[in-house]
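Undergrad: Have a look; sequence and predicted model below, questions after that.
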Amino acid sequence: MYDSFSDRVFSFNGESNNSSVVDPNTLKQVGTVDLGGGPEFAVANGKGLIYNNLEDKNSLNIIDSKTLKVIKNYPLTPCGGPTGLALDDANHRLFTVCRENKGMSVVDANTGKVITTIPIGAGVDAVAYDPETKLIFCSNGDATTTIIKQTSADSYSVVQTLKTAVRAKTLALDTRTHKIYLSVADFEPGTRKALPNTFKVLVYKQQ
């Protein structure tokens, strides 16, 4: 991910429990952040802080993008196995999606407090927040995307369970058109092996 505040690119390395920091102007590595656990998704607030889920620790890191240090770590209970992460910067709320308890937890970015946890589908991977429509999209491997409406900073409800495709769990949101994009392929039954020439992108738009 790119952090505009530090003008650095951060990769999050699951097997080495760290982040490699690259200067995009020189294309050289300029630092390493020790994360203390296996990282998943991360998001920056554009003001010097990067938030990062630790999947194996069920916790959330706050990283100073200038000093390249973890300055805080918050437990995410009842979240288990956090993967995707999105930010509502205006309300200082983080949305973390968790596989083990099939939930999306709303976290106060300032205090680390878990405000509420909303049930979602199984096998979640990604989450995206649309600040204009106040919708949150949680893409699940069980052929659903759970769509959650934010009515206030601390109030949320599921408004739709969108039928997608099995393992369509990689998600991108276009906040201009409000379309979501899910990548998926067909797999050999009972395996993780994708079948050749079956890759596709599913596109959904709000009616």
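TA: Yes, it's here.
Undergrad: List the contacts of the helix or strand hosting Thr151.
TA: Secondary-structure element containing Thr151, defined by DSSP states H and E: strand 142-152. Residues external to strand 142-152 that are found in contact with it (CB atoms under 8 Å, 6 or more residues apart in numbering): 88, 104, 118-124, 129, 134-140, 156-168, 171, 180, 182, 204. No exception for glycine: its C-beta is placed from N, CA and C like everyone else's.
Undergrad: Equivalent analysis for stretch 166-176, please.
TA: Outside stretch 166-176, the residues that touch it by CB under 8 Å, 6+ apart are 84, 123-132, 137, 139-143, 145, 179-185, 187, 202.
Undergrad: quick check: mean pLDDT across that stretch?
TA: For stretch 166-176, the mean pLDDT works out to 96.
Undergrad: any idea which helix or strand comes after the strand holding Thr151?
TA: Downstream of strand 142-152, the first helix or strand assigned by DSSP H and E is strand 155-166.
Undergrad: May I see the buried residues of that next one?
TA: Residues of strand 155-166 classed as buried: 156, 162, 164-165 (neighbour count, 16 or more other CB atoms under 10 Å).
Undergrad: possible to save those as a markdown table with distance to Leu27?
TA: As requested, these are arranged in a markdown table below (distance: CB to CB, whole Å):
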| residue | distance to Leu27 |
| --- | --- |
| Tyr156 | 41 |
| Leu162 | 39 |
| Thr164 | 37 |
| Ala165 | 37 |
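Undergrad: circling back: got the CA coordinates for the strand holding Thr151 in CSV?
TA: Presented in CSV, the C-alpha positions along strand 142-152 are these (Å, rounded to 0.1, in the frame of the first residue of the first chain):
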residue,chain,number,x,y,z
ASP,A,142,-19.1,-18.5,0.7
ALA,A,143,-20.5,-16.8,-2.5
THR,A,144,-21.8,-13.8,-0.7
THR,A,145,-20.9,-10.1,0.0
THR,A,146,-22.4,-8.8,3.2
ILE,A,147,-23.5,-5.1,2.7
ILE,A,148,-23.8,-3.1,5.9
LYS,A,149,-25.3,0.4,6.3
GLN,A,150,-23.7,2.9,8.6
THR,A,151,-26.4,5.2,10.1
SER,A,152,-24.0,6.9,12.6
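Undergrad: Quick one: work out the angle between that strand and strand 155-166.
TA: What separates the directions of strand 142-152 and strand 155-166 is an angle of 160 degrees, with axes from the mean of the first three to the mean of the last three CA atoms, to 10 degrees.
Undergrad: Pairing partners for strand 142-152, with directions?
TA: The sheet places strand 142-152 alongside strand 135-140 (antiparallel), strand 155-166 (antiparallel), with pairing taken from DSSP bridges.
Undergrad: Sounds good, over and out.
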